[in-house]
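**Student:** below is the sequence, then the predicted model.
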Amino acid sequence: MLKVTGLDKTYGHHKHSLKDVNFTAQPGEVTAIIGPSGAGKTTILRSVNQLIRDDGGQILLDDVDIRQANKKQLRQIRHHIGMIFQNYNLISPLTAIENVLHGRLGAKSTLAGMLGLYSTDEKSEALTLLQEVGLQDYAYQRCDQLSGGQQQRVGIARALMQHPKMILCDEPIASLDPKSTRIVMDILRRLAKEKQLIILINLHQIDVAREYADHIVGINSGAIVFEGPNQDIDAATLQNIYRQPETAVTDNAN
Ligand SMILES: Nc1ncnc2c1ncn2[C@@H]1O[C@H](COP(=O)(O)OP(=O)(O)OP(=O)(O)O)[C@@H](O)[C@H]1O
């Protein structure tokens, strides 16, 4: 389980970007973070794997506080946290399978990684993962010849290659058409259930969050204004999550 408690973040001398953020995300579930632009969704996601250093709080992944980890421990923890990005972050001239194999880099020696030395087992696992996201026929195609939706599915397979406990998805469907959005979200939901993964996902599209999330975290001006099961959200809650910042009512559920 991911359990975030009392998370605070201020960038430089700017106003608070996160204020006493509390929420949990369970294995087997899709947890969506929703809220208006600038609310703090990306800041939460980047704090969770300490890509940015926050100012206080606790981030427990299976009872280990990521914030207390030293550099070596953080590298090991991050190895089990996959990331999926809006712009896919693939190496375009490389093939789909080569990009998926890059998911193993964190587990290899620097030299083996630099030389691109992957075992037969790793290659066969990469092929299986491409099959799981429906791209078995595209394994040896260059990524810059794939559609956006296909590239995002390569990104998912690459994240799976890390054997993650958790996948953090930062606006994974923002660049996709509705059909590709459905394919990608269906895959993420299936993987959460089948592999008991924690899937934490920033979404702008409320309708997609309502359709696919098990659990929803609503944020406004850096403060949680809703946390709970998807079915507990009603129109008034949505209005509060998306209301103009100065009038948002903070009702931190934890
Ligand atoms: N590097 C930074 N320096 C200063 N302020 C920042 C920085 N990054 C984010 N912020 C501020 O922190 C707040 C939260 O930003 P964040 O990007 O986390 O919001 P968001 O909900 O992800 O927004 P969006 O939906 O537009 O991506 C905003 O007020 C933003 O201006």
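**Tutor:** Thanks, I have the structure now.
**Student:** return the helix or strand in the protein with minimum mean pLDDT.
**Tutor:** Ranking every helix and strand in the chain by mean pLDDT, DSSP states H and E puts helix 110-115 at the bottom, with a mean of 62.
**Student:** next SSE downstream of that helix?
**Tutor:** Heading C-terminal from helix 110-115, the first helix or strand you meet, by DSSP states H and E, is helix 120-132.
**Student:** mind listing residues that contact that next one?
**Tutor:** 96-97, 100-101, 103-104, 118, 136, 138-139, 154, 157, 160-161, 187, 191 (C-beta atoms under 8 Å, 6 or more residues apart in numbering). (Each C-beta comes from the backbone N, C-alpha and C, glycine too.)
**Student:** go through that helix and flag the buried ones.
**Tutor:** Residues of helix 120-132 classed as buried by neighbour count (16 or more other C-beta atoms under 10 Å): 122, 125, 126, 127, 129, 130, 132.
**Student:** can you tell me the closest non-neighbouring residue to residue 193?
**Tutor:** Computed as C-beta to C-beta, 6 or more residues apart in numbering, the closest residue to residue 193 that is not its neighbour in sequence is residue 28, at 5.7 Å.
**Student:** tell me the contacts of residue 44?
**Tutor:** So residue 44 contacts 4, 7, 18, 21, 33, 202, 217, 219 (C-beta under 8 Å, 6+ apart).
**Student:** check contacts around residue 161.
**Tutor:** So residue 161 contacts 100, 101, 102, 103, 104, 122, 125, 126, 129 (C-beta under 8 Å, 6+ apart).
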